[in-house]
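Asks: quick one, structure for this:
(one chain, ligands or ions: 1)
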Amino acid sequence: MSLSRPLSLIGVPTDIGASVRGASMGPEALRVAQLQARLEAHGLTVHDLGNLPGPANPWLPPRDGYRHLDEVVQWNRSVHDAVFEALQRGHLPVMLGGDHCLAIGSISAVARHCREQGKRLRVLWLDAHADFNTSAITPSGNVHGMPVACLCGHGPAGLTTLGGVVPAISPKVVRQIGIRSVDPGEKRFVHEQDLEVFDMRYIDESGMRHTMELALATLDENTHLHVSFDVDFLDPDIAPGVGTTVPGGPTYREAQLCMEMIADTGRLASLDVVELNPALDLRNRTAELAVDLIESLFGKSTLMRK
Ligand SMILES: [Mn+2]
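Replies: Below you'll find the predicted structure:
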């Protein structure tokens, strides 16, 4: 597979929506693990746009069901604008988080781009968590547990209106993969909104291949495929460097197959890489694993396939 579109790496160094500090160092850890050079070695053109600026993390308790809402909105506005600009230039934005609340900004921009270009959107949400909380049902107020709900129109106006249209996306465009930790109120809301979730039990019973065949079904040449890759999707045995580990995630081989099958579609058009937490990592091995998997997402093949 060859990809002609240049990649734009957009670093977003904040842990503003997270439950523990440290994801703010994620972009730098991915750079130390040579993300740009490794992708360029596969013939890709990669521009590192550096890091976006934004407010510090005041580390305060929640107010009205949200922690740091003003700062979360500011960061997401910047992410929206940077991702939208990259898409308008014909680039493939790779948002390097940062915690997962930043996907509100990036996917709002992707959805806006798709509306303006008449493209269909499919969002693959690779994560241990459904991230479908609202201020009414969240146990913590951490906004990194709310991005999918906000994108579907359930959240504060500052976050739901970023891309100009509410809701930014329909739950129908989302496929969640790897889910294994959902809060009780969140679970009810996921069912109510009919979110399509391939949880770990589904992957255990049906296998990653069948799961991905379903998640990638009905893509056509007019589909913009966005992947939101939360590093806690991976089993913590291989990926300890995240803030919210949940046992029982995909193995190395399952994760590779997932990425390779996405690459095979040739439709990947934007990417988030989030929740990498170097403060909790061991000698940067989770960042190196993430880079390895991102290479596969962009077409590195482990097999001698043509
Ligand atoms: Mn997440």
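Asks: residue contacts, the residue of the stretch 101-250 of the chain found nearest the ion?
Replies: With C-beta to the ion, the shortest gap between the stretch 101-250 of the chain and the ion falls at residue 230, namely 3.6 Å. Placement of C-beta: from N, CA and C, glycine included. By C-beta atoms under 8 Å, 6 or more residues apart in numbering, the contact list for residue 230 reads 100, 125, 126, 127, 128, 129, 131, 242, 274, 275.
Asks: near the ion too, which of those?
Replies: When C-beta under 5 Å from the ion is applied, the members of the contacts of residue 230 adjacent to the ion are 100, 127, 131.
Asks: ok, then the element right after the lengthiest helix in the chain?
Replies: In the chain, assigned by DSSP state H, the helix with the most residues is helix 69-88. Counting by DSSP states H and E, the element after helix 69-88 in chain order, helix or strand, is strand 92-97.
Asks: the helix or strand just after that next one vs strand 92-97, what angle?
Replies: Beyond strand 92-97 on the C-terminal side, the first helix or strand identified by DSSP H and E is helix 103-117. Orientation check (axes from the mean of the first three to the mean of the last three C-alpha atoms, to 10 degrees): helix 103-117 against strand 92-97 gives 170 degrees.
Asks: quick check: angle from the following helix or strand past helix 103-117 to helix 103-117?
Replies: Downstream of helix 103-117, the next assigned helix or strand under DSSP H and E is strand 120-126. Going by the same axes, to 10 degrees, strand 120-126 is angled at 160 degrees with respect to helix 103-117.
Asks: and the nearest residue to residue 150 once chain neighbours are set aside, what element?
Replies: Excluding the flanking residues, the one nearest residue 150 by C-beta to C-beta, 6 or more residues apart in numbering is residue 159, at 4.5 Å. Using DSSP H and E, residue 159 sits in helix 157-160.
Asks: so which bits of that helix are buried?
Replies: Residues 158, 159, 160 are the ones in helix 157-160 that count as buried (16 or more other C-beta atoms under 10 Å).
Asks: can you add pLDDT and distance to the ion and give those residues back as CSV?
Replies: Output for the buried residues of helix 157-160, formatted as CSV (pLDDT from 0 to 100; distance: C-beta to the ion, whole Å):
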residue, pLDDT, distance to the ion
158, 98, 20
159, 98, 15
160, 98, 18
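Asks: what's the longest helix of the chain packed up against?
Replies: In this structure, helix 69-88 makes packing contacts with strand 7-12, strand 92-97, helix 103-117, helix 157-160, judged by 3 or more C-beta pairs under 8 Å, 6 or more residues apart in numbering; DSSP states H and E.
Asks: pick the most deeply packed of the ones you listed.
Replies: strand 92-97 (a mean of 28; mean count of other C-beta atoms under 10 Å).
Asks: list the neighbouring strands of it plus their orientation.
Replies: strand 7-12 (parallel), strand 268-274 (parallel) (DSSP bridges).
Asks: to residue 139, which of those strands lies closest?
Replies: Proximity to residue 139 (C-beta to C-beta) singles out strand 268-274 among the strands paired with strand 92-97, at 20.4 Å.
Asks: helices or strands up against the next helix or strand after that closest one?
Replies: Later in the chain than strand 268-274, the nearest helix or strand by DSSP H and E is helix 285-297. Packing partners of helix 285-297 (3+ C-beta pairs under 8 Å, 6+ apart): helix 26-32, helix 35-40, strand 223-230, helix 252-265, strand 268-274.
Asks: other residues contacting helix 285-297?
Replies: Helix 285-297 has contacts (C-beta under 8 Å, 6+ apart) with 26, 29-30, 32-35, 38-39, 42, 94, 227, 229, 231, 234, 238-242, 252, 255-256, 259-260, 262-263, 268, 271, 273, 276-278, 281, 302.
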